[in-house]
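1. need a 3D model of the following:
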Amino acid sequence: MNFERIDMLRTQIEIYGFDGAVMIPGPTLFYLTGQSFHLMERPVVLIVPREKTPVVILPEMESDRLEAAGTALNVFSYGEDDASRSAAFEQATAMIGFDQRLIAIEPLIFRYLEFDLLSSSAPRWEFQSGVELFTALREKKGPSEIEAMRKAVDIAETALIAALPLIKIGMSEHDLAAELVVQLLRAGSEPELPFQPIVASGPNSALPHSTPTERMLAPGDVLILDWGARSNGYISDITRTFAVGDVDPELNLIHQIVLEANAAGRAAARPGATCHAVDQAARQVIQEAGYGEYFIHRTGHGIGLEAHEPPNIRSGEMYALEPGMTFTIEPGIYMLGSAGVRIEDNLLITNDGQETLTSLDRTLDVVG
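-> Residues are numbered from 1 along each chain as shown. Okay, here's the model as predicted:
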């Protein structure tokens, strides 16, 4: 249990006017406890009140994982029967108090199962989205988090370098994705990858979130590889585009445009710059080249314990970047039915600018 981070959470609870916060297995629970619990039919719940001692409700089989927290944490465990589980929830909520309380939840993670158990044991509690609270808690990374992300980048880049010589014409997207996963694990990634690699060739490369198919790589294809690793919970998310043999000259031009947009987006990122301004810096390059209608997604998204988290580098997002924020810059051009190009890097906002954590070559290298 990281009690410094618990105190940071308490500060945010007070700032945003809540009486407490509830977490179930997911990134924030890991951030606060250092433990990865399974999200399953046996609920695990951490309740952090604004003032009282935090409470954890969890199955008996998991209770020894938090012994080191000692008296700084109230642990309520339950057995396999429903009565035992209900009793644990009732005892835990009684310790915090049954009075009317406003409790922050993570709206993209919180489940009906935990809501029902908590509502039954503490019917006067009111649950509201605490998305701003949790964003403020985790959006600026500390030294240990940044170091883990550097390691995740290193693992991912090492894995791709090992996989590239194995790419052959006639190889399926599915087989290449499997090979990339093997190389990620060999390079040291945690088994729970941030996402399954995207391997998209030929017309599939025009689909930003294409999933690997049995389509075989063919001469003249553009090949998009989007992959990442996880280290100590933190992730990397990288995309590079390759040519399978000689490609159409227009695709070389499109790749150069996307490369320039990527560089412009990264150059615009600095403390005080808005997400909108960074997005526009990259988008303007593509628009002025005449391909604006083919850039169909935001320029980037935050990364950390999750592959997608704040800040959102998109048009209209007037949120100002601050030191410690980490995110992607990934402009792309997608010609539906033909081909697509994307180049994605991972950035850290520093005190006086930005650092690009990724270092792999961005040119249109030939594979196969």
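2. please enumerate the helices of this structure.
-> Assigned by DSSP state H, the chain shows helices spanning 3-15, 27-33, 82-96, 112-121, 131-138, 143-163, 173-187, 249-268, 275-288.
3. out of those helices, which is closest to Ile224?
-> helix 173-187 (10.0 Å; Cβ to Cβ). Bear in mind the C-beta positions are built from the backbone N, C-alpha and C, glycine included.
4. list the helices and strands the closest one packs on?
-> Helices and strands touching helix 173-187, by 3 or more Cβ pairs under 8 Å, 6 or more residues apart in numbering; DSSP states H and E, are helix 143-163, strand 198-201, strand 222-227.
5. Glu309 is nearest to which of the ones you listed?
-> So among these, helix 143-163 is nearest, using Cβ to Cβ, at 12.2 Å.
6. so who does the residue most central in space within the chain touch?
-> Geometric centre of the chain, nearest residue: Ala307, 1.8 Å, by Cα atoms, centre = their mean. Contact analysis of Ala307 by Cβ atoms under 8 Å, 6 or more residues apart in numbering lists 194-195, 228, 235, 237.
7. most neighbours, which of these?
-> Tallying neighbours with other Cβ atoms under 10 Å puts Ile235 at the head of the contacts of Ala307, with 29 neighbours.
8. setting aside sequence neighbours, what's the nearest residue to it?
-> Spatially, and ignoring its direct neighbours in sequence, Ile235 is nearest to Pro194 (3.7 Å; Cβ to Cβ, 6 or more residues apart in numbering).
9. now the one you found: how far from Leu184?
-> Using Cβ to Cβ, to the nearest Å, one obtains 10 Å as the distance from Pro194 to Leu184.
10. list residues touching both of the two?
-> With Cβ under 8 Å, 6+ apart, Pro194 and Leu184 have common neighbours Ala229.
11. that older thread, any idea how far Phe134 is from the residue nearest to Ile235?
-> From Pro194 over to Phe134 the distance is 18 Å, taken as Cβ to Cβ.
12. for Phe98, same thing?
-> Remark: distance between Phe98 and Phe134 (Cβ to Cβ) = 25 Å.
13. same check, this time on Leu9
-> 9 Å.
14. contact partners for the closest residue to Leu113 other than its chain neighbours?
-> Of all residues not flanking Leu113 in the chain, Pro43 sits nearest, at 5.9 Å (Cβ to Cβ, 6+ apart). Counting by Cβ under 8 Å, 6+ apart, Pro43 makes contact with 24, 57-58, 85, 113-114, 117.
15. most neighbours among those residues, which one is it?
-> Ile57 (26 neighbours).
16. list the beta-bridge partners for that one.
-> On the basis of DSSP bridges, Ile57 takes part in beta bridges with Val45, Phe76.
17. ok, it touching Ser63?
-> No. Counting by Cβ atoms under 8 Å, Ile57 sits too far from Ser63 to count as a contact (10.2 Å).
18. got any residues that touch both of the two?
-> Shared contacts of Ile57 and Ser63 (Cβ under 8 Å, 6+ apart): Ser77.
19. so who does the residue nearest to Val48 when sequence neighbours are not counted touch?
-> Nearest non-adjacent residue to Val48, counting by Cβ to Cβ, 6+ apart: Pro54, 4.7 Å away. Counting by Cβ under 8 Å, 6+ apart, Pro54 makes contact with 1, 6, 46-48, 72-74.
20. buried subset of those residues as a ChimeraX selection?
-> In ChimeraX syntax, the buried subset of the contacts of Pro54 is picked out as below (16 or more other Cβ atoms under 10 Å):
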select :1,6,46,47,48,73,74
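21. tell me the spacing between Thr158 and Gly228.
-> Per Cβ to Cβ, Thr158 is found 13 Å from Gly228.
22. can I see the domain layout of the protein?
-> Using automatic domain parsing, the domain ranges for the chain come out as 3-138, 143-367.
23. most tightly packed of those domains?
-> Burial of the domains of the chain is given as mean neighbour count (mean count of other Cβ atoms under 10 Å); domain 143-367 ranks first at a mean of 19.
24. what is the mean pLDDT for that one?
-> Average pLDDT, domain 143-367: 98.
25. show me the contacts for Ala218.
-> Residues near Ala218 by Cβ under 8 Å, 6+ apart: 169-170, 201-202, 244.
26. is it correct that Pro212 is in contact with Glu179?
-> No. Counting by Cβ under 8 Å, Pro212 stays clear of Glu179, with 10.7 Å between them.
27. about what we covered before: TSV for the helices of the chain, including distance to Asn351?
-> Converted to TSV, those look like this (distance: least, Cβ to Cβ, whole Å):
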stretch	distance to Asn351
helix 3-15	20
helix 27-33	23
helix 82-96	40
helix 112-121	40
helix 131-138	19
helix 143-163	13
helix 173-187	31
helix 249-268	17
helix 275-288	17
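28. Pro323 is nearest to which of these?
-> Proximity to Pro323, assessed across the helices of the chain by Cβ to Cβ, is greatest for helix 143-163 (10.6 Å).
29. picking up where we left off before, pick out the most distant pair among the contacts of Ala307.
-> Among the contacts of Ala307, Phe195 and Ile235 lie farthest apart (Cβ to Cβ), at 8.4 Å.
30. shared neighbours of these two, anything?
-> In contact with both Phe195 and Ile235: 228, 307, using Cβ under 8 Å, 6+ apart.
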